[in-house]
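*Asks:* Starting from these lines, generate the structure:
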Amino acid sequence: MLSVFNSVPTHMDYKGQKLAEQIFQGIILVSAVIGFIYGLIIEQFGWTVYIVLAGFGISCLLTLPPWPMYRRNPLNWQPVIPESSGETREKPQENMKKKKHK
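*Replies:* You can find the predicted model right below:
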């Protein structure tokens, strides 16, 4: 049963995060404006709150799960370099410091 959940991707790439943020802000802004105008017309502040909360719910549904549209630009990671057990390998930063002092 839990193997089904392990197959679900749980990540977004950086461009997907930016897109999700833009969608979230756009929906919140539009629902706030619509809610304010509708609440002003009918003179009921409660409807303004309901409309903004509905916009918040819709935006959460669209932006929180890692939908495929948020995973179109994956990062290409460098391959893992296996360490040999006999040699001690210096970090690149330490290697550069030693070269500067010569």
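*Asks:* give me the number of residues near Gly46?
*Replies:* Neighbour count of Gly46, defined by other C-beta atoms under 10 Å: 9. (Glycine included, C-beta is placed from N, CA and C.)
*Asks:* quick one, what contacts it?
*Replies:* Gly39 (C-beta atoms under 8 Å, 6 or more residues apart in numbering).
*Asks:* what pLDDT does it get?
*Replies:* As predicted, Gly46 sits at a pLDDT of 95.
*Asks:* do the same with Lys18
*Replies:* 94.
*Asks:* Can you list the low-confidence ranges for this protein?
*Replies:* 1, 85-102 (pLDDT under 70).
*Asks:* Point to the residue nearest the middle of it.
*Replies:* Nearest to the mean C-alpha position of the chain, counting by C-alpha atoms, centre = their mean, stands Gln17 at 3.4 Å.
*Asks:* Give me the nearest residue to it, chain neighbours excluded.
*Replies:* Spatial nearest neighbour of Gln17, excluding adjacent residues (C-beta to C-beta, 6 or more residues apart in numbering): Tyr70 at 7.2 Å.
*Asks:* The longest helix along the chain - contacts with which helices or strands?
*Replies:* As assigned by DSSP state H, the longest helix anywhere in the chain is helix 14-42. Under the contact definition 3 or more C-beta pairs under 8 Å, 6 or more residues apart in numbering; DSSP states H and E, helix 14-42 sits against helix 45-63.
*Asks:* Export the helix it packs on to CSV, keeping only CA atoms.
*Replies:* Below are the C-alpha coordinates for helix 45-63, written out as CSV (Å, rounded to 0.1, in the frame of the first residue of the first chain):
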residue,chain,number,x,y,z
PHE,A,45,-18.0,41.9,4.2
GLY,A,46,-18.6,38.2,4.9
TRP,A,47,-18.9,37.5,1.2
THR,A,48,-15.6,39.2,0.6
VAL,A,49,-14.0,36.9,3.1
TYR,A,50,-15.7,33.8,1.5
ILE,A,51,-14.5,34.7,-2.0
VAL,A,52,-10.9,35.3,-0.9
LEU,A,53,-11.0,32.0,1.1
ALA,A,54,-12.3,30.2,-2.0
GLY,A,55,-9.5,31.8,-4.1
PHE,A,56,-7.0,30.6,-1.5
GLY,A,57,-8.4,27.1,-1.6
ILE,A,58,-8.2,27.0,-5.4
SER,A,59,-4.7,28.4,-5.5
CYS,A,60,-3.6,25.8,-2.9
LEU,A,61,-5.1,23.0,-5.0
LEU,A,62,-3.3,24.2,-8.1
THR,A,63,0.1,25.1,-6.6
